[in-house]
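Asker: 3D, please:
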Amino acid sequence: MPIFKEHALADTKSVVTIGSSPVRIADVLAVASGSARIVLDESPAFRKNLNASVELLDRLIGGGGAIYGVTTGFGASCETAVPPGLSAQMAANLVRFHGCGTGRFLDPVEAAAVMVVRLVSLAQGRSGVRPMLLERMCELLNRRMLPQIPAEGSVGASGDLTPLSYIAAVLIGEREVIVDGQTQPTSQALAKAGLKPIELRPKESLALMNGTSVMTGLACLAYDRARKLARWSSALTAMASDVTRGNRAHFDERLFLAKPHPGQLACARWIAADIEYVPGHQHSGRLQDRYSIRCAPHVIGVLLDSLPFITGLLETEINSSNDNPLLDAATGDVLHGGNFYGGHPCMAMDLLKTAVANIADLVDRQMALICNPHYNNGLPADLVARSGDDQVSHHGFKAMQITASALTAEALKFTMPASVFSRSTESHNQDKVSMGTIAARDALRVIELTETVLAVVQLALCQGVDLRNGERCHARSKTVHQKIRQSIPMIDDDRRQDVDVQRVLELYRADELPIGDADFPAR
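Answerer: Just a heads-up that it's a prediction; the model follows:
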């Protein structure tokens, strides 16, 4: 099913071939991260399919047919006739007047993910786009010559018009690109690379811009980060159980086979392995731990169990023709519709951000337990390690708990579904819109906040391992603690900890934090 093909290349990179087979989220991520190159299928059948819609469009234009965005104006101007001689000028103008994005620029990985997803959609062969334009998109991706795309300005129908205009602009040699970390005018970058700008033909600018590729590309990145977060939060739960002297029997597999949600079961198995639980374990302390530890698989499992559903939505969207109109080369028909509507990616991201924010809340509650001497089974208040006469002047993780709570509250605030904020816009033509791109950006922000909450709690749990002298701490606690202590000392004297939080995030994002393998199947 996937078309992730490996070849022996001089640069040792694998190759993702865009052709007639579906593209998976993993393929998008591989190209976006720069670990794979991207090429078009060279088969005659694929090329013939691409050219068929271009040839049909030429015939229709020659025959005087009414084609939205080609022989008419755009949006609410669809009743305005445009002479064929102005079609090329109108195509360029569409790109130019949508150059009104705001906010931060997407980073290179995000921009590349967006380009890959747009390329895959156009390669379906229903958009009237020449193969040479798709070849240029591949070349820009492989050279890491990526458009500067503002994050804001899309309502998610008609697709991501404004942010996608920044890809179209680069193809015609306008606006800016980022190359080797440096921003430069596109015209200058193309000249250095020996490439000429492309003059877009009728419908090509509309095909490039009128789709769901920004929200879907960002959603692929959010999906990947959320999946990894599920494993980290499971590892933290194992450590929290250790340092609070929790009842390891809460993670007995028999409990989860009695309520067999696959993700919940996977999470319980991770935690049970991390704490080296064996059936028949006898616990001498509190019979039932508080919910933030005992019910962790029931919280984390919701995210894991949402991932197959989200995978299906995103991979269907990736491999779809989501512009308007579409061209049916087999019948010669022009299909005017609304495939640019981003309702499915929006729902996926509204679901994902809620599941992730619940993990931030879960781990923040674990932080509250381990810092409070009424609940942490013998640890000092705020995990203060200092002893002696000046102990009362030290406050350990008191402020760190406030930080975790603040970040969690902000993550929870973003869980309002973006889709319910639909606005009528563009002269009441786009009178119901998806807000899918806002949902995707929200999801990435919730993930960023949640990763930081987990980093704060990770440090607190390592402090707990220190205070327990490693006693009754098991596999995960020991391996994570050892890794953290290689570069971050425990807190004895009060000191700044912002740099420690950043260091944990660096280790995590570089896959150097030993949280365990996230082997839960995506589908």
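
Asker: CA only for contacts and neighbour counts going forward, please
Answerer: Noted.

Asker: tell me the contacts of the residue nearest the centre of the chain?
Answerer: A centroid search over the chain (CA atoms, centre = their mean) returns A222, at 1.8 Å, as the residue closest to the centre. Counting by CA atoms under 8 Å, 6 or more residues apart in numbering, A222 makes contact with 440, 443-444, 447.

Asker: centre of the chain to the helix or strand where A460 lies, how far?
Answerer: If you go by DSSP states H and E, A460 is part of helix 436-467. Distance, stretch centre to chain centre, for helix 436-467: 15 Å (CA atoms, centre = their mean, to the nearest Å).

Asker: quick one: average pLDDT of that helix?
Answerer: Helix 436-467 shows an average pLDDT of 98 in the prediction.

Asker: could I have the ChimeraX command that selects the buried members from the contacts of A222?
Answerer: Under the burial definition 16 or more other CA atoms under 10 Å, those of the contacts of A222 that qualify are selected in ChimeraX by:
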select :440,443,444,447
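
Asker: save the contacts of A222 as CSV, and put in distance to D107 too.
Answerer: Converted to CSV, the contacts of A222 look like this (distance: CA to CA, whole Å):
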residue, distance to D107
A440, 14
A443, 16
L444, 12
I447, 16
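
Asker: and the helix or strand just after the helix holding A460, what's buried?
Answerer: Reading on from helix 436-467 to the C-terminus, the next helix or strand found by DSSP H and E is helix 475-485. The neighbour-count check on helix 475-485 (16+ other CA under 10 Å) flags 476-477, 480-481, 483-484 as buried.

Asker: same question, stretch 55-63
Answerer: Applying a neighbour-count criterion of 16+ other CA under 10 Å, the buried positions in stretch 55-63 are 56-57, 60-61.

Asker: turn these into JSON lines, including distance to G464.
Answerer: Written out in JSON lines, the entries for the buried residues of stretch 55-63 read as follows (distance: CA to CA, whole Å):
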{"residue": "L56", "distance to G464": "69"}
{"residue": "L57", "distance to G464": "68"}
{"residue": "L60", "distance to G464": "72"}
{"residue": "I61", "distance to G464": "72"}
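
Asker: so which of these is the closest to E174?
Answerer: Using CA to CA, the shortest approach to E174 within those belongs to L57, at 25.9 Å.

Asker: any chance you could map the strands in the stretch 251-400 of the chain?
Answerer: Secondary structure of the stretch 251-400 of the chain, counting by DSSP state E, counting those that start in this stretch: strands at 326-328, 333-335.

Asker: likewise the stretch 101-250 of the chain?
Answerer: Using DSSP E, counting those that start in this stretch, strands in the stretch 101-250 of the chain cover 102-105, 146-147, 150-152, 176-179, 182-185.

Asker: out of the ones you listed, which gets nearest to R231?
Answerer: strand 150-152 (28.8 Å).

Asker: tell me who's in contact with I293.
Answerer: I293 sits in contact with 237, 240-241, 366, where contact means CA under 8 Å, 6+ apart.

Asker: next one: it from R365, what distance?
Answerer: Relative to R365, I293 is positioned 9 Å away (CA to CA, to the nearest Å).

Asker: any residues in contact with both of those two?
Answerer: Overlap between the neighbourhoods of I293 and R365 is empty, taking contacts as CA under 8 Å, 6+ apart.

Asker: quick one on the thing from earlier: reformat the strands of the stretch 101-250 of the chain as JSON lines; add mean pLDDT, distance to E276 and mean neighbour count.
Answerer: Output for these, formatted as JSON lines (pLDDT from 0 to 100; distance: least, CA to CA, whole Å; neighbours: other CA atoms under 10 Å):
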{"stretch": "strand 102-105", "mean pLDDT": "97", "distance to E276": "45", "mean neighbour count": "13"}
{"stretch": "strand 146-147", "mean pLDDT": "98", "distance to E276": "47", "mean neighbour count": "31"}
{"stretch": "strand 150-152", "mean pLDDT": "97", "distance to E276": "45", "mean neighbour count": "21"}
{"stretch": "strand 176-179", "mean pLDDT": "97", "distance to E276": "48", "mean neighbour count": "22"}
{"stretch": "strand 182-185", "mean pLDDT": "97", "distance to E276": "49", "mean neighbour count": "13"}
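
Asker: low-confidence ranges in the stretch 1-150 of the chain?
Answerer: Low-confidence segments of the stretch 1-150 of the chain (pLDDT under 70): 1-12, 20, 69, 71-82, 84.

Asker: give me the contact list for stretch 315-327.
Answerer: Contact partners of stretch 315-327, identified using CA under 8 Å, 6+ apart, comprise 22-25, 53, 56-57, 67-68, 117-118, 120-122, 124, 126-128, 159, 206-207, 209-213, 216, 333-341, 344-345.

Asker: which of the residues you listed are buried?
Answerer: For those, a burial check counting by 16+ other CA under 10 Å picks out 22-25, 53, 56-57, 67-68, 117-118, 120-122, 124, 126-128, 159, 206-207, 209-213, 216, 334, 338-341, 344-345.

Asker: next one: the residue of the chain most remote from its centre from M435, what distance?
Answerer: Note on the chain: the largest C-alpha distance from the chain mean falls to D389, namely 49.8 Å (CA atoms, centre = their mean). D389 sits 58 Å away from M435, taking CA to CA as the criterion.

Asker: rewinding a little: closest to A399 out of the buried residues of helix 475-485?
Answerer: Here the nearest of the buried residues of helix 475-485 to A399, counting by CA to CA, is I484; it sits at 20.1 Å.

Asker: which residues touch that closest one?
Answerer: The contact partners of I484, taken as CA under 8 Å, 6+ apart, are 462, 504, 513.

Asker: what does G436 give?
Answerer: Contacts here follow CA under 8 Å, 6+ apart; on that basis G436 touches 155-156, 215, 342-343, 345-347, 349, 418-419.

Asker: circling back: format the contacts of I293 as a markdown table; extra columns: neighbour count, distance to A168 and pLDDT.
Answerer: Putting those into a markdown table (neighbours: other CA atoms under 10 Å; distance: CA to CA, whole Å; pLDDT from 0 to 100) gives the following:
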| residue | neighbour count | distance to A168 | pLDDT |
| --- | --- | --- | --- |
| T237 | 29 | 46 | 98 |
| A240 | 29 | 50 | 97 |
| S241 | 27 | 53 | 96 |
| Q366 | 24 | 48 | 97 |
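
Asker: can you report how many residues lie near the residue nearest to A411 when sequence neighbours are not counted?
Answerer: Taking CA to CA, 6 or more residues apart in numbering, and ignoring the residues beside it in sequence, A411 has V446 as its nearest neighbour in space, at 4.9 Å. The number of residues packed around V446, counting by other CA atoms under 10 Å, is 29.

Asker: distance of V446 relative to Q366?
Answerer: Using CA to CA, one gets 19 Å for the distance from V446 to Q366.

Asker: distance of the closest residue to M400 other than its chain neighbours relative to I275?
Answerer: Taking CA to CA, 6+ apart as the measure, M400 lies nearest to V456, with 6.7 Å between them; neighbours along the chain are not counted. The gap separating V456 from I275 is 21 Å, by CA to CA.

Asker: now do G159
Answerer: When distances are taken as CA to CA, G159 and I275 turn out to be 47 Å apart.

Asker: kindly report the same for L412.
Answerer: In this structure, L412 lies at 29 Å from I275, with CA to CA as the measure.

Asker: compare these two and say which one has the larger neighbour count.
Answerer: More crowded of L412 and I275, by other CA under 10 Å: I275, with 23 against 19.

Asker: please tell me how far the more buried one sits from A193.
Answerer: Distance from I275 to A193, counting by CA to CA: 55 Å.

Asker: now D364
Answerer: The span separating D364 from A193 equals 50 Å under the rule CA to CA.

Asker: go on, R248?
Answerer: Summarising the geometry, the distance separating R248 from A193, computed by CA to CA, is 60 Å.

Asker: out of these two, which sits in the busier spot?
Answerer: In terms of neighbours (other CA under 10 Å), R248 is the more surrounded of R248 and A193; the figures are 24 against 11.

Asker: if I look at that one, how far off is I271?
Answerer: Between R248 and I271 the computed distance is 9 Å (CA to CA).

Asker: repeat for P325
Answerer: Applying CA to CA, one obtains 50 Å for the distance of P325 from I271.
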